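Novice: Predicted model and sequence follow; I will ask about them next.
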Amino acid sequence: MTKLTTDQLIYLLYVLAYSDDGTVTRGTVKRHLSKEQQKDASNTCDFLCQQNLLESPKKSRLSVTEQGKKALLANLQSTDYKFESSKGQKVLNTLLYCLTLTSSQQNSSTTIFEDMEFEVFVEQFRKIYLEERKQQELRGVVAIRSREICQKLKESNHISQLL
């Protein structure tokens, strides 16, 4: 995934936030950026277009690509940027939208791993149990805790709390 600078992240977020019908003009995005970010807006936009995070379906109009949305979500998870503007209801709504996208992607990726056949579960459980028992026998005391085994099983196989 592309590591974005703070200015690139904000620019990408603003393109997504102020897109009406999927596209927005460069001027609209630039107008909503802070004064410091406005100075370098054209360079930031060109870089994002070169990275295929933004596309320009019509002259001077921008839209965020699927790759751009993924990069935005990945970079939003690790940013420490603090918004100082009070005029950003669209930006806040877009941030909430990005959070729901992230949570839905995490839920869909974990459901792939949650469906485990019973025989596979028994094998994995038996393997972890025997390893734990062997380690404890070497120490001289055998006291196997089911919570520890379940925790190890969940970590190694990505099993949800419900299953």
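Specialist: Yep, it's here.
Novice: Please count neighbours and contacts with C-alpha atoms only from this point.
Specialist: Will do.
Novice: is it true that residue 125 touches residue 154?
Specialist: No. Proximity of residue 125 to residue 154 does not meet the contact threshold set by CA atoms under 8 Å, at 10.0 Å.
Novice: for this protein, what spans make up the strands?
Specialist: Per DSSP state E, the chain carries strands over the ranges 24-25, 54-55, 61-64.
Novice: quick one: average confidence on the first one?
Specialist: Averaged over strand 24-25, pLDDT sits at 90.
Novice: From the rest of the structure, what touches it?
Specialist: For strand 24-25, contacts defined as CA atoms under 8 Å, 6 or more residues apart in numbering pick out 15, 18, 60, 61, 62, 63.
Novice: One more pass at 6 Å, please.
Specialist: Applying CA atoms under 6 Å, 6 or more residues apart in numbering, the external contacts of strand 24-25 come out as 60, 61, 62.
Novice: can you give me the helices in the chain?
Specialist: Per DSSP state H, the chain has helices spanning 6-17, 26-32, 35-39, 41-50, 66-76, 89-114, 118-139, 146-157. These are given in chain order.
Novice: returning to what we had before: quick one: which of the contacts of strand 24-25 is nearest to residue 118?
Specialist: Relative to residue 118, the closest of these is residue 62; by CA to CA it sits at 49.8 Å.
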